[in-house]
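> got a predicted model here, sequence first, then my questions.
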Amino acid sequence: MTQIQQNLAAIKGQLPAGVELVAVSKFHPVEALLQAYEAGQRVFGESRAQELVVKFRQMPSDTRFHFIGHLQRNKVRVVVPCVSMIESVDSVSLLKLIDEEAGRAGRNVNVLLEVRVATEAAKTGFEVDALLSAAAGGELSGFGNVRICGLMAMASFTDDMEQVAREFDKARAAFLQLKHGVFHDCPEFCRLSMGMTDDWQVAVNHGSTMVRIGTAIFGSRQ
């Protein structure tokens with residue numbers, strides 16, 4: 001068993017039932033992904049369009065890729081054919097463009113809406129109030145080629161785990177408000193993607209159903 005496979009087994013052994021693992025493989029070579037694949041991992045996270053395309057072509061056909069980085073509008077057409085989910089939809093206009101490109105590609109794409117709960121200015125995503133207003137105004141409905149499956153959030157980069165917990169709680173509250181509101185008759189709206197290598201345990205304790213872990217599996221980026 002390789003180090004990557006040992007790391008993967010250790011994390012899966014700690015994850016509660018019902019929490020999905022996205023192995024964040026950005027900046028790591030296909031050989032590293034294949035080691036994780038051979039250990040049973042099927043879902044990988046990428047954040048750069050061209051790197052995603054290369055890996056999509058080289059990995060086995062049952063591999064599922066999530067796009068987890070900021071998605072530039074001019075990269076949507078490249079990304080859409082390669083992903084099973086886009087976790088980083090941060091505007092209604094981007095959602096519309098993904099819907100258009102998915103239609104052009106003849107497929108449906110699962111998406112998560114990224115909600116901004118962290119304090120850093122660099123973090124992207126819908127502000128909570130803006131997201132709820134968009135939902136109430138019908139701006140998140142009527143799409144034929146995208147399936148909104150839930151929310152994604154990133155906490156602040158800090159050692160203050162109480163702050164991190166508060167931010168995850170804020171995301172979960174928005175998720176539940178939408179789930180029991182405009183998405184009440186949409187069973188696919190069930191994913192709350194929160195938590196990375198340094199804070200995934202906190203995220204799981206505060207309602208995450210999907211964690212995005214890279215360094216703890218693959219080591220430092222190459």
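Received, thanks. Numbering: from 1, shown residues only.

> now the helices for the chain?
Using DSSP state H, the helices found in the chain span residues 3-14, 30-38, 49-58, 76-79, 92-105, 128-136, 161-179, 200-205, 215-218.

> which ones are touching Gln35?
Thr2, Ile4, Gln5 (Cβ atoms under 8 Å, 6 or more residues apart in numbering). No exception for glycine: its C-beta is placed from N, CA and C like everyone else's.

> show the contacting residues for the second one.
Applying Cβ under 8 Å, 6+ apart, we find Ile4 in contact with Ala32, Gln35, Ala36, Ala39, Ile217, Phe218, Gly219.

> out of those residues, which are buried?
Ala32, Gln35, Ala36, Ala39, Ile217, Phe218 (16 or more other Cβ atoms under 10 Å).

> just the closest of those residues to Gly144, please.
For those, the minimum distance to Gly144 (Cβ to Cβ) is 34.1 Å, reached by Ala36.

> dump the residue contacts of the closest one.
Ile4, Gln5, Leu8, Ala23, Ser25, Phe44, Ile217, Phe218.

> most centrally placed residue in this protein?
For the chain, the residue nearest the mean C-alpha position is Glu87 (3.5 Å; Cα atoms, centre = their mean).

> give me the residue ranges of this structure where confidence is low.
For the chain, applying pLDDT under 70 flags the ranges 122, 222.

> and Arg116, what does it touch?
Asp90, Lys123, Thr124, Gly125, Phe126, Glu127, Val128, Ala153.

> just the buried residues from those, in PyMOL please.
In PyMOL, this line selects whichever of those come out buried by 16+ other Cβ under 10 Å:
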select buried, resi 90+123+125+126+128+153
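
> turn the contacts of Arg116 into TSV, including distance to Ala174.
Below are the contacts of Arg116 laid out as TSV (distance: Cβ to Cβ, whole Å):
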residue	distance to Ala174
Asp90	14
Lys123	15
Thr124	16
Gly125	11
Phe126	9
Glu127	10
Val128	5
Ala153	8
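
> among the contacts of Arg116, which are located in strands?
Phe126, Glu127, Ala153 (DSSP state E).

> partners of the last one in the sheet?
Spelled out, it's Ala153. Taking DSSP bridges as the rule, Ala153 bridges to Val115, Met194.
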